[in-house]
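[1] next come a sequence and a model predicted from it.
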There are 2 protein chains.
Amino acid sequence: MTPDLSRLCVHTITTKPWPIEVAMDKYAEAGIAGITVWRQALEGRDIEKVGEALRARNLSIVSLCRGGFFPAKTATGLAEAIEDNRRALREAAALGAPLVVLVCGAVPGQPLAESRKRIADGIAAILPLAEELDVRLGIEPLHPMYADDRSAINTMASANAVCEQLDHPLVGIAADAYHIWWDPALAEQIAIAGEKKRLFAFHVCDWLTPTTDLLNDRGLMGEGCIDLHGMRTLIEAAGFDGFHEVEIFSDRWWAADQDDFLSRIKLAYFEHC
Amino acid sequence: MTPDLSRLCVHTITTKPWPIEVAMDKYAEAGIAGITVWRQALEGRDIEKVGEALRARNLSIVSLCRGGFFPAKTATGLAEAIEDNRRALREAAALGAPLVVLVCGAVPGQPLAESRKRIADGIAAILPLAEELDVRLGIEPLHPMYADDRSAINTMASANAVCEQLDHPLVGIAADAYHIWWDPALAEQIAIAGEKKRLFAFHVCDWLTPTTDLLNDRGLMGEGCIDLHGMRTLIEAAGFDGFHEVEIFSDRWWAADQDDFLSRIKLAYFEHC
């Protein structure tokens, strides 16, 4: 049996040591079908040309990471956040990415309910441009350990609530196993998201025991405790048929040989996703 | 106005460098009204005599920390967990502590729903002894970042569900601000716990930005982003009138002068709780 790579996508941040010019060749050689591009990887590049180069290698451009960070304490901060998100939308359109993933933001000390209101307002403010460019917006619920300064949206239920409020076909959810695996309401909230056609993306990696760093100690699939098979089953039962995106922030893996790491990603994907 | 210390309790782990013999004198001199004793602090001591010494200093013994860790992968492991929890109940009774706090446990890779079932079974198994000794059991929902190996009960809703299932006046909840502050369902779940007379304890500290260690980088009240006033208001509106327990795991504070730290705890308590 030939392993099926047709739905495997890798995030450029996963192989951070490789510039995007290297990553695109390596991914294509490895037979990986999709790529999600982090904005840092585009710095100093002609974004349209990067998009052409990716398509020339038969890489599906799955999404652009990331917009968001809508809440701010000042009016200037709020306006800047909107502007940055509009830039992200234009970059996605230039690249040919159909989706911008949103890490929605939080400000330490700002009540989370207030942050969520600002997030909804922020998304509403950029929706006209998203419509014009036909780019979708994927709210990524972040693990509650990031509720202080990264996102006030920490569960699928909160993401569903914001989607419900905005009620727009371009607004959905990027579900990342790392952030949501622990949630007792997961099955029911994934089902709701599926029913409402809001499942825009599915990210995978693993949760390590022990986790030694809150940001950059994610595991390769199979190294940790997340039931990725089970989560994929839930997500697909809810109607999702898109890419399985490998998004691993790891000082350990970034320090390793990236060719070897990419081989391990493929093996881990076959075995655990 | 004389600051009110009558509901301030400090956990022995908060001032870990002090043996309990030192801690009890320091807390009493500082006018702190309550003490929660960690089991490590009792090692090698005659527990009844420690209890007498605490009462002689007019310290209210608020609880014993901690029992729990019910889930295990083997039958032997499950039986050992029950035995250890029975020991904790006997230690609490010997000390004169009316409550054992439960960090309920989780096993990496064990489905969390299964762990929660084992937790409920484990608590049920020790309830006869708890009744005999008249010691209460406080389920402490732990932050989702501990769902891998510390607790499968990560929200007030999950704790309420286990209490509901066991439906016993000795089974309630130890609500710790650090673990639950991010939860969008917090107000509603605290209200339910209050209505059902399940709010057995209230722990305070703060969430630091950035948090550099998942276990031992908690903040002193006011150093972080938790709205402790707001949470106290919720808890007391729900009928809780017990102690405000300062439980801080912090390599930074443990490395500091503990007398100075205790003074700062009192000041932070007046200002932020």
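    Arrived safely, thanks for sending. Owing to the predicted nature of the structure, the values given are computational and were not obtained by experimental measurement. Residues are numbered from 1 along each chain as shown, chains lettered A, B, ... in the order given.
[2] residue numbers of chain A in contact with chain B?
    With the criterion set to CB under 8 Å from any CB of the partner chain, chain A comes near chain B through A:108-109, A:111-113, A:116, A:143-145, A:147-149, A:154-155, A:157-158, A:181-184, A:207, A:209-212, A:214, A:224-225, A:227, A:230. For the C-beta atoms, the positions are set from N, CA and C on the backbone; glycine is no exception.
[3] what about those, which are in helices?
    Members of those lying in helices (criterion: DSSP state H): A:112, A:113, A:116, A:157, A:158, A:230.
[4] next secondary structure after the host helix or strand of residue A:86?
    Residue A:86 belongs to helix A:75-95 when elements are defined using DSSP states H and E. Next along the chain after helix A:75-95, taking DSSP H and E as the criterion, comes strand A:99-103.
[5] show me what that following strand is packed against.
    Applying 3 or more CB pairs under 8 Å, 6 or more residues apart in numbering or on different chains; DSSP states H and E, one finds that strand A:99-103 contacts strand A:60-68, helix A:75-95, strand A:136-139, strand A:171-176, strand A:199-204.
[6] pull up the gap between the residue most central in space within chain A and residue A:138, please.
    The structure's chain A has its C-alpha centroid closest to residue A:101; by CA atoms, centre = their mean the separation is 5.1 Å. Computed as CB to CB, to the nearest Å, the residue A:101 to residue A:138 distance reads 5 Å.
[7] give me the common contacts of the two.
    Here residue A:101 and residue A:138 share the contacting residues A:63, A:174, A:201, scored by CB atoms under 8 Å, 6 or more residues apart in numbering or on different chains.
[8] still on that earlier bit, the residue nearest to the centre of chain A is in contact with residue A:174, isn't it?
    Yes: using CB atoms under 8 Å, residue A:101 is in contact with residue A:174, at 4.8 Å.
[9] overlap in contacts, those two.
    The contact lists of residue A:101 and residue A:174 share A:63, A:138, A:140, A:201, where a contact means CB under 8 Å, 6+ apart.
[10] skipping adjacent residues, who's closest to the third one in space?
    Of all residues not flanking residue A:140 in the chain, residue A:174 sits nearest, at 4.1 Å (CB to CB, 6 or more residues apart in numbering or on different chains).
[11] give me the number of residues near residue A:124?
    Applying other CB atoms under 10 Å in any protein chain shown, we find 13 other residues in the vicinity of residue A:124.
[12] what comes up buried for stretch A:14-21?
    The neighbour-count check on stretch A:14-21 (16 or more other CB atoms under 10 Å in any protein chain shown) flags A:14, A:15, A:16, A:18, A:20 as buried.
[13] I meant stretch A:109-117, not that one.
    Neighbour-count burial for stretch A:109-117 [16+ other CB under 10 Å]: A:110, A:112, A:115, A:116, A:117.
[14] tell me the secondary structure for the closest residue to the first one other than its chain neighbours?
    Closest residue in space to residue A:110, ignoring its immediate chain neighbours: residue A:71 at 6.0 Å, by CB to CB, 6+ apart. Recorded secondary structure, residue A:71: coil (DSSP: H, G, I helix; E, B strand; the rest coil).
[15] now do the phi/psi pair for the nearest residue to residue A:107 once chain neighbours are set aside.
    Once flanking residues are discounted, residue A:107 sits nearest to residue A:71: 5.0 Å by CB to CB, 6+ apart. For residue A:71, the backbone dihedrals are phi -70, psi 150 (criterion: degrees, to the nearest 10).
[16] with residue A:38 instead?
    For residue A:38, the backbone dihedrals (degrees, to the nearest 10) come out as phi -90, psi 140.
[17] tell me, how many neighbours does it end up with?
    Considering only other CB under 10 Å, residue A:38 is surrounded by 19 other residues.
[18] next: residue A:268.
    21.
[19] correct me if wrong: residue A:244 contacts residue A:232.
    Yes: applying CB under 8 Å as the test, residue A:244 and residue A:232 come out as touching, 7.0 Å apart.
[20] among these two, which residue is more densely surrounded?
    Each of residue A:244 and residue A:232 has its neighbours counted (other CB under 10 Å); residue A:244 has more, 24 against 18.
[21] hang on, the earlier thing: just the buried ones among the residues of chain A next to chain B, please.
    Of the residues of chain A next to chain B, these count as buried by 16+ other CB under 10 Å: A:112, A:116, A:143-145, A:147-149, A:154-155, A:157-158, A:181-184, A:207, A:209, A:211, A:214, A:224-225, A:227.
[22] what about the residue lying closest to residue A:152 once chain neighbours are set aside, distance to chain B?
    Leaving aside its chain neighbours, residue A:152 sits nearest to residue A:115 (3.5 Å; criterion: CB to CB, 6+ apart). According to CB to the nearest CB, to the nearest Å, residue A:115 and chain B sit 11 Å apart.
[23] same question for stretch A:216-227, mean pLDDT?
    Confidence for stretch A:216-227, expressed as mean pLDDT, is 98.
[24] can you give me the end-to-end span of that stretch?
    Length of stretch A:216-227, first residue to last, CA to CA, to the nearest Å: 20 Å.
[25] got the buried residues for that stretch?
    A:217, A:218, A:219, A:220, A:221, A:223, A:224, A:225, A:226, A:227.
[26] hang on, isn't the third one packed against residue A:208?
    Yes: with contacts counted by CB under 8 Å, residue A:219 reaches residue A:208, the gap being 4.3 Å.
[27] shaky segments in chain A?
    A:1-2 (pLDDT under 70).
[28] and with 80 instead?
    For chain A, applying pLDDT under 80 flags the ranges A:1-3.
[29] before we move on, the earlier item: just curious, which of the buried residues of stretch A:109-117 is nearest to residue B:90?
    Lowest distance from residue B:90 to those (CB to CB) belongs to residue A:112, with 41.5 Å.
[30] that closest one contacts residue A:151, correct?
    No: with contact defined as CB under 8 Å, residue A:112 does not count as touching residue A:151 (9.4 Å).
[31] who touches both of those two?
    Contacts common to residue A:112 and residue A:151, judged by CB under 8 Å, 6+ apart, are residue A:106.
[32] hang on, the earlier thing: just put the shared contacts of residue A:101 and residue A:174 in JSON lines and tack on neighbour count.
    Converted to JSON lines, these look like this (neighbours: other CB atoms under 10 Å in any protein chain shown):
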{"residue": "A:63", "neighbour count": "29"}
{"residue": "A:138", "neighbour count": "26"}
{"residue": "A:140", "neighbour count": "25"}
{"residue": "A:201", "neighbour count": "26"}
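[33] contacting residues for residue A:18?
    Per CB under 8 Å, 6+ apart, neighbours of residue A:18: A:12, A:26, A:258.
[34] please, a ChimeraX command that selects the buried ones among the residues you listed?
    A single ChimeraX command selects the buried members of the contacts of residue A:18 (16+ other CB under 10 Å):
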select /A:12,26,258
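[35] now, among the contacts of residue A:18, which is nearest to residue B:168?
    Minimum distance to residue B:168 across those is 53.4 Å, recorded for residue A:12 (CB to CB).
[36] surely that closest one and residue A:37 touch.
    Yes: contact criterion CB under 8 Å: residue A:12 and residue A:37 qualify, at 5.4 Å.
[37] any common contacting residues for these two?
    Counting by CB under 8 Å, 6+ apart, the shared contacts of residue A:12 and residue A:37 are residue A:20.
[38] about what we covered before: can you tell me which of the shared contacts of residue A:101 and residue A:138 is closest to residue B:32?
    Within the shared contacts of residue A:101 and residue A:138, the smallest distance to residue B:32 is 47.4 Å, found for residue A:174 (CB to CB).
[39] if that closest one is in a bridge, with which residues?
    Counting by DSSP bridges, residue A:174 forms beta bridges with residue A:201.
[40] which residues touch it?
    Counted by CB under 8 Å, 6+ apart, residue A:174 has contacts A:63, A:99, A:101, A:102, A:138, A:139, A:140, A:200, A:201, A:202, A:203.
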